[in-house]
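# got a sequence here, can you build the structure:
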Amino acid sequence: MPDTELRYRIASHADVAALMDLGLAAYGEYAAQLTPDNWQTMKSNLESKDKMTALLDVSTCFVAESDGRIVGMAFFVPSGNPSHIYPAEWSYIRMVGVYANFRGLGIGKKLTQQCIALATQMGERTIALHTSEIMHAARATYERLGFTIVRELPLHLGIRYWVYSLSLQSAQ
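Residues are numbered from 1 along each chain as shown. Okay, here's the model as predicted:
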């Protein structure tokens with residue numbers, strides 16, 4: 001386990017390559033639980049600079065750093081950015097990831113809490129996320145933070161996914 005101090009900040013477009021590397025490392029652990037074709041699909045998405053840049057364009061990305069290296073990330077997408085999963089009136093969290101050797105330090109939880117805090121500050125009413133059956137630690141963290149399952153999604157990459165949401169108290 002690393003013996004360094006963590007620093008939290010908001011990522012910029014200068015961080016795209018580091019965010020892509022982290023995404024590949026964090027989600028790469030699931031390669032063995034997917035078929036080779038499904039892993040290649042996920043990997044291609046994670047390696048897409050255009051997709052990472054587009055996500056950064058519409059979100060606030062919170063990162064954790066250790067010795068100047070990004071070791072954790074979470075993207076907060078405000079309402080008004082609907083997708084095939086989320087309605088326009090919901091804000092949501094995407095791509096929470098932490099390098100394996102930095103897990104167990106509460107980084108994913110803290111990054112998720114930063115997303116929730118920003119959503120609350122912005123007056124969002126609902127924050128959501130989706131996660132899968134193979135992401136056990138993430139699901140447990142989200143449930144401890146108060147997220148509850150809204151619905152199951154159609155199989156994606158051969159695995160089950162669920163949409164979780166958390167109702168927020170409006171500051172208004």
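
# may I see the buried residues of the helix or strand of the chain with the lowest mean pLDDT?
Least confident element among the helices and strands of the chain, by mean pLDDT, DSSP states H and E: helix 36-46 (a mean of 90). By neighbour count on 16 or more other C-beta atoms under 10 Å, the buried set for helix 36-46 is N38, W39, M42, K43, L46. C-beta: built from backbone N, CA, C; applies to glycine.

# so how far is M73 from the nearest residue in space to the second one that is not next to it in sequence?
Counting by C-beta to C-beta, 6 or more residues apart in numbering, A31 is the residue found nearest to W39 once chain neighbours are left out, at 4.5 Å. Distance, A31 to M73, by C-beta to C-beta, to the nearest Å: 19 Å.

# for these two, work out which one has more neighbours and name it.
M73 (25 against 15; other C-beta atoms under 10 Å).

# can I assume the more buried one sits in a strand?
Yes. Applying DSSP: H, G, I helix; E, B strand; the rest coil, one finds M73 inside a strand.

# quick one: pLDDT of it?
You'll see M73 listed with a pLDDT of 98.

# surely R160 meets H130?
No. Using C-beta atoms under 8 Å, R160 is not in contact with H130; the gap is 10.7 Å.

# shared neighbours of the two, anything?
Common neighbours of R160 and H130 are listed as L153 (criterion: C-beta atoms under 8 Å, 6 or more residues apart in numbering).

# neighbour count: the two, which is higher?
Ranked by neighbour count (other C-beta under 10 Å), R160 and H130 place H130 first, with 21 against 13.

# who touches the longest helix seen in the chain?
Counting residues, the longest helix found in the chain (DSSP state H) is helix 107-121. Helix 107-121 has contacts (C-beta under 8 Å, 6+ apart) with 6, 8, 60, 62-64, 71-76, 78, 91, 93, 96-98, 127, 137-138, 141-142, 144-145, 166, 168-169, 171.

# just the ones of these in helices?
Counting by DSSP H, the part of the contacts of helix 107-121 found in helices is A137, A138, T141, Y142, R144.
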